[in-house]
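Novice: have a look at this prediction, sequence included:
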Amino acid sequence: MLSRLVIVSANGLKSSGPLGAGLVQASRSLHTSSQSLAPVPPLPEKGGKVRHGIFPEEIFQLLYPKTGVTGPYMLGTGLLLYMLSKEIYVINHETFAAASIGAVIIYGVKKFGPSVAAFADKLNEEKVAKAQEVKDLAMASLAQAIEDEKKEQWRAEGRSMLFDAKRNNVAMLLETNYRERLHMVTHEVKRRLDYQVALQNLHTRMEQEHMVNWVEKSVVGSITPQQEKESIAKCITDLKTVHFDPGAYKQEVKEIFSVVCVRSRCFLLFIFLKKGKDDTRAELAVTESGLLTGTLYSIWEVGVALKEFLPI
Amino acid sequence: MMLSFFDQFMSPTYLGIPLMALALTLPWVLYPTPSARWLNNRFLALQGWFINRFTQQLLLPLSLGGHKWAALLTSLMIFLITINMLGLLPYTFTPTTQLSLNLGLAVPLWLATVLIGMRNQPTHALGHLLPEGTPGPLIPVLIIIETISLFIRPLALGVRLTANLTAGHLLIQLIATAAFVLLPLMPVVAILTSTVLVLLTLLEVAVAMIQAYVFVLLLSLYLQENV
């Protein structure tokens, strides 16, 4: 019979109700055409809702219109009591074993359920995160490429400014070079002119010296012996007229001495002021030696001053 | 009909049709096939993760030749664990309590490892019969002992699994019976016995997983020696 149906066209079969659609599906082989790879609808985010871990929420919704909220619970209790009373289910040692394994399973699910679920979610999230990272990296690199391109375009606009700057640069170089050479030229010319000036000065000086020497020689040569004797006699008579004034001499000595003393006192004061209380020993030694030197110097200066005027 | 303690170990039949095949293959239904989707539900994600991790750990000490056994060993592990754990539920039949099944798994796999070793590297495989550093006079005796231990291996593998699971199930039955019988007579003692039963059940859960793992681990060890 099926072979006859296969001969009938597919369009005719498709339109002939549910049986026809099923037959069309049966004539297509399983998962060989690319239609099975077409975008499938997404999976639901969460599993079906259950109450007490095993009873789907749909049963409660199904019974709600007729029996209200307590309906399914009454059904469950009734069923259980019926099976126990009619001894369809007999309580024996297996019941205890069932109770204990049930307790272990419920404890396990309650305790480790959330953590296992979180772990499974984390596995999926890590997968998604990896792909997301690749996508984000790609997007970031593309955005960066756009930015770089815009910058390059902006740079290309500034071409003319670059050329102007280069032109200015070259002009400046040429100017500098020209100025340098000009300076060199003036310097060289000045050097040559200075030489000529120096040469002229030399000539003038040499002539002057020569002239002076000639004049001196002629003057010295013109001094006769008679003139020499006359000048010596004049000098002797001049010397005899000079006399020694002790008052004036003493006054002059006192003046010199006071000046010297003031100078030495200033010097000593200066050294004294320089010598402070917290000077180290070396500094003290230096200051002391300075004092000594100052004193000796002033004495020596006095001596020198006196020596000038003493008839030694 | 009174249940004797050993009825749970009887191979199940229905109207003369042996149901052993169903008992062995139905646990497969519990594991969803990996779908073509990239992101799956939690169960599939956990299943995939567990299988990957287990295979990676098992094949860590094996050289490249042993990696051919990855599918076999991992599927064996999943099979044994599922059957053992399902057997802890009440009124269920555990196929691994049958010595025939366990020996049927152990002997061919062990023999395969031995033959692989003998075929590819006979001297190296025979060298395992003599541990390093044995003193001279002991050598003949030790070779005999090692040969005996080699041939005991499949028996040990099979009997270990059978004995552990059978003993566990029997104990559960006995203590459950004790609690059940004591409940009308001495309720307090019955409660204590029930506590013992709960603890024993926990132990049996652990034993179920460990025995399956040990079976597969020892096989991988024998493979490691010979590959």
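Specialist: On my side now, so go ahead. Residues are numbered from 1 along each chain as shown, chains lettered A, B, ... in the order given.
Novice: how much space between residue B:105 and residue A:206?
Specialist: 136 Å (C-beta to C-beta, to the nearest Å). (Glycine included, C-beta is placed from N, CA and C.)
Novice: if you could redo that for residue B:122, that was the one I meant.
Specialist: Residue B:122 sits 127 Å away from residue A:206, going by C-beta to C-beta.
Novice: how far away is residue A:309 from residue A:186?
Specialist: Distance of residue A:309 to residue A:186, given as C-beta to C-beta: 63 Å.
Novice: okay but residue A:305 is in contact with residue A:260, surely?
Specialist: Yes. With contact defined as C-beta atoms under 8 Å, residue A:305 reaches residue A:260; the gap is 5.8 Å.
Novice: the two: which is more packed in?
Specialist: Legend: neighbour count by other C-beta atoms under 10 Å in any protein chain shown for residue A:305 and residue A:260, higher for residue A:260 (20 against 17).
Novice: so what secondary structure elements neighbour the helix or strand where the more buried one lies?
Specialist: In this assignment (DSSP states H and E), residue A:260 forms part of helix A:246-274. For helix A:246-274, the elements it packs on are helix A:281-309, judged by 3 or more C-beta pairs under 8 Å, 6 or more residues apart in numbering or on different chains; DSSP states H and E.
Novice: what's the average pLDDT for the helix it packs on?
Specialist: Averaged across helix A:281-309, pLDDT comes to 72.
Novice: kindly report the same for stretch B:182-191.
Specialist: Averaging pLDDT along stretch B:182-191 yields 94.
Novice: do the same with stretch B:219-227
Specialist: 92.
Novice: then stretch A:253-267?
Specialist: Stretch A:253-267 comes out at a mean pLDDT of 78.
Novice: what of stretch A:52-64?
Specialist: The model assigns stretch A:52-64 a mean pLDDT of 92.
Novice: contacts for that stretch, please.
Specialist: Surrounding stretch A:52-64, the residues in contact under the criterion C-beta atoms under 8 Å, 6 or more residues apart in numbering or on different chains are A:48-51, A:71-72, A:75, A:106, A:109.
Novice: what do you get for stretch B:109-117?
Specialist: Stretch B:109-117 is contacted from outside by B:72, B:76, B:124-125, B:150, B:153-154, B:157, B:219, B:222-223, B:225-227, using C-beta under 8 Å, 6+ apart.
Novice: what subset of these is buried?
Specialist: Buried members of the contacts of stretch B:109-117, scored by 16 or more other C-beta atoms under 10 Å in any protein chain shown, are B:76, B:125, B:150, B:153-154, B:157, B:219, B:222-223, B:226-227.
Novice: where do the strands sit along chain B?
Specialist: B:13-14, B:17-18 (DSSP state E).
Novice: for residue A:71, what are its contacts?
Specialist: Residue A:71 neighbours (C-beta under 8 Å, 6+ apart): A:60, A:63-64.
Novice: how near is it to residue A:55?
Specialist: Taken as C-beta to C-beta, the span from residue A:71 to residue A:55 is 12 Å.
Novice: quick one on the thing from earlier: give me the more crowded residue out of residue A:309 and residue A:186.
Specialist: More crowded of residue A:309 and residue A:186, by other C-beta under 10 Å: residue A:309, with 12 against 9.
Novice: okay, now the closest residue to that one other than its chain neighbours: neighbour count?
Specialist: Of all residues not flanking residue A:309 in the chain, residue A:253 sits nearest, at 5.6 Å (C-beta to C-beta, 6 or more residues apart in numbering or on different chains). Residues near residue A:253, counting by other C-beta under 10 Å, number 16.
Novice: who does the one helix or strand residue A:139 maps to touch, helix- and strand-wise?
Specialist: Residue A:139 belongs to helix A:93-157 when assigned by DSSP H and E. Judged by 3+ C-beta pairs under 8 Å, 6+ apart, helix A:93-157 is in contact with helix B:42-59, helix B:139-185, helix B:187-226.
Novice: for the residue located most distally from the centre of chain A, give its distance to residue A:232.
Specialist: The C-alpha centroid of chain A is most remote from residue A:226, which lies 100.0 Å away (C-alpha atoms, centre = their mean). Here the criterion is C-beta to C-beta. By it, residue A:226 lies 11 Å from residue A:232.
Novice: what sits against residue 49?
Specialist: Here I'm looking at chain A. Residue A:49 neighbours (C-beta under 8 Å, 6+ apart): A:56-57.
Novice: my bad, chain B
Specialist: Residue B:49 neighbours (C-beta under 8 Å, 6+ apart): A:120, A:123.
Novice: for it, give me the pLDDT.
Specialist: Predicted confidence (pLDDT) for residue B:49: 95.
Novice: how about residue A:244, secondary structure?
Specialist: coil (DSSP: H, G, I helix; E, B strand; the rest coil).
Novice: give me the buried subset of the contacts of stretch A:52-64.
Specialist: A:71-72.
Novice: secondary structure added to the contacts of stretch A:52-64, as JSON lines?
Specialist: Formatted as JSON lines, these follow (three-state DSSP):
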{"residue": "A:48", "secondary structure": "coil"}
{"residue": "A:49", "secondary structure": "coil"}
{"residue": "A:50", "secondary structure": "strand"}
{"residue": "A:51", "secondary structure": "strand"}
{"residue": "A:71", "secondary structure": "helix"}
{"residue": "A:72", "secondary structure": "helix"}
{"residue": "A:75", "secondary structure": "helix"}
{"residue": "A:106", "secondary structure": "helix"}
{"residue": "A:109", "secondary structure": "helix"}
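Novice: quick one: which of the contacts of stretch A:52-64 is nearest residue B:8?
Specialist: Relative to residue B:8, the closest of the contacts of stretch A:52-64 is residue A:106; by C-beta to C-beta it sits at 23.3 Å.
Novice: setting aside sequence neighbours, what's the nearest residue to the closest one?
Specialist: Using C-beta to C-beta, 6+ apart, the nearest residue to residue A:106 is residue A:53, at 7.7 Å.
Novice: residue B:76 now?
Specialist: Counting by C-beta to C-beta, 6+ apart, the residue nearest residue B:76 is residue B:216, at 5.7 Å.
Novice: so what's the one you found up against?
Specialist: Residue B:216 touches B:58, B:73, B:76-77, B:80, counting by C-beta under 8 Å, 6+ apart.
Novice: distance of it relative to chain A?
Specialist: For residue B:216, the distance to chain A equals 23 Å [C-beta to the nearest C-beta, to the nearest Å].
Novice: tell me where the model's unsure across the stretch 1-150 of chain A.
Specialist: For the stretch 1-150 of chain A, the stretches flagged by pLDDT under 70 are A:1-37.
Novice: picking up where we left off before, pick the one among the contacts of stretch B:109-117 closest to residue B:95.
Specialist: residue B:76 (13.4 Å).
Novice: burial of residue A:105, as a residue count?
Specialist: Neighbours of residue A:105 using other C-beta under 10 Å come to 15.
Novice: likewise residue B:155?
Specialist: Using other C-beta under 10 Å: residue B:155 sits among 15 other residues.
Novice: what residues does chain B put near chain A?
Specialist: B:3, B:36-43, B:45-46, B:49, B:88-91, B:172-173, B:176-177, B:179-181, B:194, B:197-198, B:200-202, B:205 (C-beta under 8 Å from any C-beta of the partner chain).
Novice: which among these end up buried?
Specialist: Buried, going by 16+ other C-beta under 10 Å: B:40-42, B:45-46, B:88, B:90, B:172-173, B:176-177, B:179-180, B:194, B:197-198, B:200-202, B:205, out of those.
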